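**Q** Make a model of this:
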Amino acid sequence: MSIKKNILYNGLLSISQIIFPLVTFPYATRVLGPDKLGLVNFADAYCKYFILIAALSIPIYGVREIAKRNKNGAEITRCFSEIFTIHLITTLSLLVIYFISIFAIPKIYLEKNIFLWGASMLFMNLFTVEWFFAGMNQFKYIAIRTFSIRILFIIFFYVFVKEQADYPIYFGLMISTVVLTGLTNIFFLFKNHPFYLVFKWNDLKKHIKPILWLFSAVAAISIYTSLDTVILGFLVDDASVGYYSSALRINRIAISVIGSFSIVVYPRLTQLYAENKKEAFTELVNKLINLIVSFAVPVAVIFFLYATEIVQVVAGHKFEPAIMPFQIMCLLFLFISLSNIFGNLILISMAKDKQYLIATLIAAAISLLFNFGLIPIWKENGASIANLAAEITITACTYWFARKYVEINFAMSFLWKQLAIAIPYILIIFLSRHLFANIYFRTAIVLIFSGSYFVFSQLLILKNELFLSLFQDLKKGILKS
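**A** As a prediction, this is how the structure comes out:
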């Protein structure tokens with residue numbers, strides 16, 4: 001399947017990633033409130049930290065290794081079986097530690113039932129094997145499956161979550177999406193690519209060193225992507241976790257959109273590098289950088305200026321303390337997307353794991369310093385500053401290493417043009433606040449006019465070559481259909 005079709009399917013998936021939280025999250029915040037939603041998010045972050053350790057770096061390493069072999073059926077089966085066996089061993093080991101932690105840590109033990117439920121998420125994550133389907137470029141299957149499971153979640157969510165006391169049901173439904181994904185994936189995989197368990201050390205050991213190199217980086221990254229929520233939960237309270245995680249979740253809705261492009265491009269870049277097609281590799285990277293900057297500027301402007309309304313519409317008035325963290329993190333879209341290119345798409349696809357590890361360790365150190373220094377003082381605002389500082393650091397470090405291997409051609413004039421044409425977004429927000437009293441209608445107007453102006457400015461004012469190309473491809477596809 002072509003990269004453009006994969007981008008289309010992942011683009012549709014990203015649209016569902018926007019719609020899904022907008023449909024469920026506002027209801028969850030209003031029904032559960034900051035305390036119970038914070039507790040669920042704390043439990044989710046705690047459980048996912050164990051998932052991350054159990055997975056080592058397999059979600060990244062697996063994509064790279066499968067992508068290298070996606071034209072050799074026997075090699076694919078052998079490689080998958082070896083990597084899956086390693087994941088099975090680590091998952092079973094971490095399950096034991098997870099159960100011990102529930103009864104050994106007082107704060108966890110107080111809500112032991114909800115954390116015991118989390119064990120099923122930890123175990124079933126083993127079977128999601130999303131890295132296999134990404135490495136095989138099967139984004140059509142990923143999109144259809146994910147969309148179907150999300151529809152089911154929405155239905156059961158509104159049927160069964162009615163009051164604050166239903167927070168265990170809400171967490172249970174979150175877990176059920178992982179369980180259903182795992183069952184569906186493993187059935188589909190075994191039907192088309194039968195695999196087996198491998199317990200010979202000689203077959204497994206060749207994966208251990210690169211997995212551990214990457215895992216060191218993944219563990220460092222988790223310090224500023226997952227551990228911040230856990231630290232906040234232990235140092236402060238569940239309400240602060242609720243405010244912070246809500247602000248972060250709204251920000252990540254936008255981040256997930258551009259992330260879909262990176263997920264699709266990663267296997268392609270791995271193939272290009274393996275085939276020594278350096279010019280095509282560099283061209284694709286630079287196109288993606290321009291695409292990210294084109295999206296990031298208007299997103300940052302709108303998020304910062306319209307933060308009050310966004311938080312109130314999505315989370316409700318009880319979550320007004322989340323406004324400041326949301327504004328602090330409005331630039332996450334830009335820095336996370338760029339660090340993803342410099343780190344995942346360049347350094348990892350080129351197997352520069354040592355350089356990637358150094359960059360992530362520096363960012364992790366900054367995160368820990370800021371988190372433990374600022375959270376006791378400024379709570380959720382301190383965590384937000386720490387998050388942004390860590391993302392800026394990882395972007396700068398990965399860029400420093402990546403530019404040694406790839407000629408990154410980014411013209412500052414392109415950025416200045418994007419900033420200049422962002423001025424009308426300020427006018428749209430200013431006028432909407434003075435003309436429309438209803439916050440929901442006002443938000444709809446801001447979204448419609450901002451979206452329309454974005455397309456207009458990229459196609460007709462800037463004549464952005466990448467958008468013109470995508471527009472032509474979309475038009476051809478519509479005409480053919």
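
**Q** What's the per-residue pLDDT of Leu152 here?
**A** For Leu152, the pLDDT comes out at 92.

**Q** shouldn't it be in contact with Thr184?
**A** No: taking contacts as C-beta atoms under 8 Å, Leu152 lies outside contact range of Thr184: 11.1 Å. To be clear about C-beta, it is placed using only N, CA and C from the backbone, and glycine gets the same treatment.

**Q** what about the two, which has more around it?
**A** Thr184 (17 against 13; other C-beta atoms under 10 Å).

**Q** From Gln138, how far off is the more buried one?
**A** Thr184 is 13 Å from Gln138, where distance means C-beta to C-beta, to the nearest Å.

**Q** Regarding Val229, which helix or strand does it belong to?
**A** That one is not Val; residue 229 is Thr. helix 227-235 (DSSP states H and E).

**Q** residues in contact with that helix?
**A** 38, 41-42, 45-46, 49, 107, 240-241, 244-245, 248, 367, 371-372, 375-376, 379-380, 383, 386-387 (C-beta atoms under 8 Å, 6 or more residues apart in numbering).

**Q** Go through these and flag which are in helices.
**A** Assignment to helices by DSSP state H places the following of these there: 38, 41-42, 45-46, 49, 107, 240-241, 244-245, 248, 367, 371-372, 375-376, 379-380, 383, 386-387.

**Q** Is there a quick PyMOL command that grabs whichever of the residues you listed are buried?
**A** Remark: buried members of those, expressed as a PyMOL selection using 16 or more other C-beta atoms under 10 Å:
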select buried, resi 38+41+42+45+46+49+240+241+244+245+248+367+371+375+379+380+383+386+387
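
**Q** Can you list the buried residues in stretch 146-164?
**A** Neighbour-count burial for stretch 146-164 [16+ other C-beta under 10 Å]: 146-147, 149-150, 153-154, 157, 161.

**Q** same question, stretch 307-318
**A** 307, 309-316, 318.

**Q** ok, the nearest residue to Ile289 once chain neighbours are set aside - how many residues close by?
**A** Nearest residue to Ile289 in three dimensions, chain neighbours excluded: Phe410, at 5.6 Å (C-beta to C-beta, 6 or more residues apart in numbering). A count of neighbours around Phe410, defined by other C-beta under 10 Å, yields 13.

**Q** Confidence-wise, which helix or strand of this protein is lowest on average?
**A** helix 465-480 (a mean of 59; mean pLDDT, DSSP states H and E).

**Q** Domains in this structure, by residue range?
**A** 3-410, 411-481 (automatic domain parsing).

**Q** and those, which one is worst for confidence?
**A** domain 411-481 (a mean of 81).

**Q** From Ser367, how far off is the spatially closest residue to Asp237 that is not a sequence neighbour?
**A** Excluding the flanking residues, the one nearest Asp237 by C-beta to C-beta, 6+ apart is Gly38, at 7.6 Å. Applying C-beta to C-beta, the value for Gly38 to Ser367 is 20 Å.

**Q** cool, Ile76 as well?
**A** Distance of Ile76 to Ser367, computed by C-beta to C-beta: 37 Å.

**Q** Nearest residue to the middle of the chain?
**A** Ser256 (5.4 Å; C-alpha atoms, centre = their mean).

**Q** Please produce TSV containing the buried residues of stretch 307-318, extended by distance to Tyr27.
**A** Formatted as TSV, those follow (distance: C-beta to C-beta, whole Å):
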residue	distance to Tyr27
Ala307	21
Glu309	18
Ile310	16
Val311	15
Gln312	14
Val313	12
Val314	10
Ala315	10
Gly316	9
Lys318	13
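
**Q** ok, back up a step: of the domains of the chain, flag the one that's most buried.
**A** domain 3-410 (a mean of 19; mean count of other C-beta atoms under 10 Å).

**Q** Can I get the helix or strand encompassing Phe147 in PDB, CA atoms only?
**A** Under the criterion of DSSP H and E, Phe147 resides in helix 139-160. The C-alpha trace of helix 139-160 is given here as PDB (Å, rounded to 0.1, in the frame of the first residue of the first chain):
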ATOM      1  CA  PHE A 139      -2.600   1.000   8.500                       C
ATOM      2  CA  LYS A 140      -6.000   0.200   6.900                       C
ATOM      3  CA  TYR A 141      -6.500  -2.600   9.400                       C
ATOM      4  CA  ILE A 142      -5.300  -0.500  12.300                       C
ATOM      5  CA  ALA A 143      -7.700   2.400  11.400                       C
ATOM      6  CA  ILE A 144     -10.800   0.100  11.000                       C
ATOM      7  CA  ARG A 145     -10.100  -1.900  14.100                       C
ATOM      8  CA  THR A 146      -9.400   1.200  16.300                       C
ATOM      9  CA  PHE A 147     -12.400   3.100  15.000                       C
ATOM     10  CA  SER A 148     -14.700   0.100  15.700                       C
ATOM     11  CA  ILE A 149     -13.400  -0.400  19.200                       C
ATOM     12  CA  ARG A 150     -13.800   3.300  20.000                       C
ATOM     13  CA  ILE A 151     -17.400   3.300  18.900                       C
ATOM     14  CA  LEU A 152     -18.100   0.400  21.200                       C
ATOM     15  CA  PHE A 153     -16.400   2.200  24.100                       C
ATOM     16  CA  ILE A 154     -18.500   5.400  23.500                       C
ATOM     17  CA  ILE A 155     -21.700   3.300  23.600                       C
ATOM     18  CA  PHE A 156     -20.900   1.500  26.800                       C
ATOM     19  CA  PHE A 157     -19.400   4.600  28.400                       C
ATOM     20  CA  TYR A 158     -22.700   6.600  28.100                       C
ATOM     21  CA  VAL A 159     -24.800   3.600  29.100                       C
ATOM     22  CA  PHE A 160     -22.900   2.600  32.300                       C
END
